[in-house]
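Q: Take this sequence and fold it.
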Amino acid sequence: MNLRDRCRQLWNAPEPHKNGSPFALFLSILSLFYRSGVALRNALYDRGFSKSFRLPCKVISVGNVTVGGTGKTPVVVLLARMLKEHGYRPAVLSRGYGSKGAAPVNIVSDGESILLGPREGGDEPVLIAESVPGIPVLSGPDRYLTGKTALSRLDADVLILDDGFQHRRLFRDLNIVLLDVDRPWGNGFLLPRGPLREPPAGALKRADLLIRTGEGKEGNRGEIPGYFNDVPGSERTLLGSLPVFRGTHQPRALISRHRGQEMEPRDLKGKRICAFAGIGTPERFRKTLESLGAEITAFLSFPDHHRYSPSDLDFLEQEAKKAHAEMIVTTEKDEIKLMSLDLPAMPCYSLRIEMNIDPREDFERLILGMLKKNQAKT
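A: Okay, the predicted model is just below:
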């Protein structure tokens, strides 16, 4: 088990505060240094010592307070489509984590064609570009610089930051924060002892609206206060004052890019499958497949943003055969990274997931209304 897997195992362990192992204590010490660094950085921005730059357009950030998947990419896709339908010219800016592009700004899509693959542009940017034809998608570590490029070269008038909540160098008009309905703060610890990127109290002060994602435990499907008992009283009051929407992941299709085929998600019912994923929340993917009636005979997890090799695919094929699977199923983000490789002879599909926001009409009204305001936040 590598270091990353050991950390994730610790993050998901029950009663995390009672774990006194040497490894947990070591990570707790590192978390103290991380907390200090985050606090200093946020204080510099809050007090104006670090400057945030404004661009002559509206900026929307979609992010979260923990590492791992909460559904940011589907929300970005939903927003981009919605804004285009309402006459805006959106562009999506992504960090492009794990990409090998050497340029400070990578134009993944110019709105007419996809120009870069996952290795140069990043997994999520390419997936977003495929999902929103006609909308430019750019990647790069500096969102201000990529934003300037989107305005000057691609005629955008609204910028959507994918996973941009902690990127405070660029002013934004709207901060959308996604929270997992069951574990909004992970295990309650900051990196690397837990998945928190920053203390929740400070994050809530910068948020404009919340989207709670995931199905939730039985009895946890009502209004949002109640799952956040670990938040101090003053911040719980702030939390209660924010607009809250429910986001649910909806399987839309089974896609095979190599074969050029598409199936309905219901076609998985009763199928013996070998599933794999290299994402932040592989168990959520597994539960989705089970909810569709698939019989998972083998399930393999890879690190988030894993770069697959031919040996990985050989291993997958062997495991699928041993498990007597009829087909291999993965996520769209993973399938994107397989396009340059020779896939196993066994049929391989990815599950396309889209986000539903409820109530949708109120969400659209709030987003469009906030875009008309002149006030910006960092």
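Q: Okay, the closest residue to residue 139 other than its chain neighbours and residue 137: tell me how far apart.
A: Once flanking residues are discounted, residue 139 sits nearest to residue 96: 2.9 Å by CB to CB, 6 or more residues apart in numbering. Where C-beta positions appear, they are placed from N, C-alpha and C, glycine not excepted. Using CB to CB, to the nearest Å, one gets 10 Å for the distance from residue 96 to residue 137.
Q: for residue 164, same thing?
A: Relative to residue 137, residue 164 is positioned 14 Å away (CB to CB).
Q: quick one: which of these two has more around it?
A: residue 137 (37 against 25; other CB atoms under 10 Å).
Q: Could you pull up the residues touching that one?
A: When contacts are counted by CB atoms under 8 Å, 6 or more residues apart in numbering, residue 137 touches 91, 92, 94, 107, 108, 109, 121, 125, 126, 128, 129.
Q: can I assume the last one is in contact with residue 108?
A: Right, the one you point to is residue 129. Yes. Look at residue 129 against residue 108 with CB atoms under 8 Å: they come within range, at 5.1 Å.
Q: what ranges do the strands span in the stretch 201-350 of the chain?
A: For the stretch 201-350 of the chain, the strands defined by DSSP state E, counting those that start in this stretch occupy 209-213, 244-256, 261-263, 272-277, 295-301, 327-331, 348-358.
Q: just checking, residue 324 touches residue 271?
A: No. Using CB under 8 Å, residue 324 is not in contact with residue 271, being 11.6 Å away.
Q: which one of those two has more residues nearby?
A: For residue 324 and residue 271, the more surrounded residue by other CB under 10 Å is residue 271, and the numbers stand at 19 against 10.
Q: check contacts around the more buried one.
A: Applying CB under 8 Å, 6+ apart to residue 271 gives the contacts 294, 295, 326, 327.
Q: now swap in residue 157 and tell me
A: Each residue near residue 157 by CB under 8 Å, 6+ apart is listed here: 57, 58, 88, 89, 90.
Q: returning to what we had before: would CSV of the strands of the stretch 201-350 of the chain with mean neighbour count and distance to residue 76 be doable?
A: Formatted as CSV, those follow (neighbours: other CB atoms under 10 Å; distance: least, CB to CB, whole Å):
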stretch, mean neighbour count, distance to residue 76
strand 209-213, 22, 12
strand 244-256, 17, 12
strand 261-263, 13, 22
strand 272-277, 24, 19
strand 295-301, 17, 24
strand 327-331, 24, 16
strand 348-358, 20, 9
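Q: could I get the ones you listed as JSON lines with mean pLDDT?
A: Formatted as JSON lines, the strands of the stretch 201-350 of the chain follow (pLDDT from 0 to 100):
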{"stretch": "strand 209-213", "mean pLDDT": "93"}
{"stretch": "strand 244-256", "mean pLDDT": "95"}
{"stretch": "strand 261-263", "mean pLDDT": "95"}
{"stretch": "strand 272-277", "mean pLDDT": "98"}
{"stretch": "strand 295-301", "mean pLDDT": "97"}
{"stretch": "strand 327-331", "mean pLDDT": "98"}
{"stretch": "strand 348-358", "mean pLDDT": "96"}
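Q: So which of the ones you listed is nearest residue 82?
A: Minimum separation from residue 82 across the strands of the stretch 201-350 of the chain (CB to CB) falls at strand 348-358, 9.4 Å.
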